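Undergrad: coordinates for the following, if possible.
(one chain, ligands or ions: 1)
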Amino acid sequence: MTSSAYDSVLEVEDLCIHLGGRMVVDHLTFRLGVGERMCLLGPSGSGKSLTARALLGLSSPRASVSGAIRINGIDVSARKAMQRPETARVGMVFQNTQAALNPLVTVGAQLRAPFIRFHGMSQRDAQRAAIELLGRMRVEAPDQVVQRSSGELSGGQRQRVCLALALACRPSLLVADEPTTALDVLAQADVLSLLSECTGTDATPSLLFISHDMSAAARLCDRAVILDEGRLVEEGALEKIMARPSHRFSKSLVDAIERHAVPAARSNGLEAFSGCACHI
Ligand SMILES: Nc1ncnc2c1ncn2[C@@H]1O[C@H](COP(=O)(O)OP(=O)(O)OP(=O)(O)O)[C@@H](O)[C@H]1O
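TA: Prediction:
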């Protein structure tokens, strides 16, 4: 049991998005439980980012959005991000960290803002909280990083700052849209493990992880919703989907994982599939 009054942190019901006379998200319905980590997978152009923007209240004015989006039971479908009540706050982490941070304002000033605005802290306490949070995000020398511009940080450091910014708002839901795509392999692994540590319990935000990388999703999430051409084409436990994918896109993702697994296993001197016929 959770301490929340709602079992679902997010309910999406019959979400439709029209853009330029075209239906780009088509009657999408799914839910995300409190303390759950779920992924939204789909090929390029399947409507993942437009869905994320609608959930965040950041749809373009040119988009026509219908259907219900409830966060902790509150219908926010007609409300822009800034108009939403505190209990329906959503944190966000995007692929493009350069666009998410202002290079003309220090990292510290950007990180202090949510502590001051949402938690009523003084400048001094907010600075302490910002440094402590950056430390938890495994940013080295956080007391120095707060004095820098985001333009002086690496991509991995910037994504950790973005994650800290999202968590500083203490949201009940974190939407991470391709948060590792622009990072090198080591930084990807680090950001995935941070996401895993900082989400998915009753005391931390639930996570909606948006990606077309099934291996990354499998490291974080138990459940998946698969989109294709704006429609939900498969949904359920990620383990089951990976074992028996039914839609062509899910099959192609599982095939891609197996193609990568074989050379990796061989280079480790291991047989790729110990149960296969050639393994005697
Ligand atoms: N501003 C826009 N105007 C018109 N069509 C758009 C606009 N933004 C997105 N689309 C179209 O909507 C569809 C869904 O786009 P979306 O960005 O949500 O896809 P996606 O699944 O996030 O893709 P990717 O994985 O490449 O980011 C695509 O066909 C895209 O061309």
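Undergrad: near the ligand, which residues of the stretch 101-250 of the chain?
TA: Residues of the stretch 101-250 of the chain lying close to the ligand (CB under 6 Å from any ligand atom) are residue 212. Every C-beta, even on glycine, is put in place using the N, C-alpha and C of the backbone.
Undergrad: gap between the nearest residue to residue 41 once chain neighbours are set aside and the ligand?
TA: Excluding the flanking residues, the one nearest residue 41 by CB to CB, 6 or more residues apart in numbering is residue 226, at 5.1 Å. From residue 226 over to the ligand the distance is 11 Å, taken as CB to the nearest ligand atom, to the nearest Å.
Undergrad: now do residue 75
TA: From residue 75 to the ligand the distance is 22 Å (CB to the nearest ligand atom).
Undergrad: and that residue, how many neighbours?
TA: 13 (other CB atoms under 10 Å).
Undergrad: the strand or helix carrying residue 209: partners in the sheet, and parallel or antiparallel?
TA: Per DSSP states H and E: residue 209 is located in strand 206-211. Sheet pairing here is set by DSSP bridges, and for strand 206-211 it gives strand 37-41 (parallel), strand 173-177 (parallel).
Undergrad: columns mean neighbour count and mean pLDDT on top of those strands, output as a markdown table?
TA: Shown next, in a markdown table, are those (neighbours: other CB atoms under 10 Å; pLDDT from 0 to 100):
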| stretch | mean neighbour count | mean pLDDT |
| --- | --- | --- |
| strand 37-41 | 26 | 96 |
| strand 173-177 | 25 | 96 |
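Undergrad: save these as CSV, and put in distance to residue 156 too.
TA: CSV is the format used below for the strands paired with strand 206-211 (distance: least, CB to CB, whole Å):
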stretch, distance to residue 156
strand 37-41, 21
strand 173-177, 15
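Undergrad: and the helices in the stretch 1-150 of the chain, which stretches?
TA: For the stretch 1-150 of the chain, helices defined by DSSP state H, counting those that start in this stretch occupy the ranges 48-56, 97-100, 107-119, 123-136, 142-145.
Undergrad: shaky segments in this protein?
TA: 1-6, 261-280 (pLDDT under 70).
Undergrad: give me the nearest residue to the residue nearest the centre of it, chain neighbours excluded.
TA: The centre of the chain sits closest to residue 176, judged by CA atoms, centre = their mean, with a distance of 1.7 Å. Nearest residue to residue 176, sequence neighbours excluded (CB to CB, 6+ apart): residue 93, at 4.4 Å.
Undergrad: now do the contacts for that neighbour.
TA: Residues in contact with residue 93 (CB atoms under 8 Å, 6 or more residues apart in numbering) are 100, 159, 162-163, 166, 174-177, 179.
Undergrad: ditto for residue 45
TA: The contact partners of residue 45, by CB under 8 Å, 6+ apart, come to residue 229.
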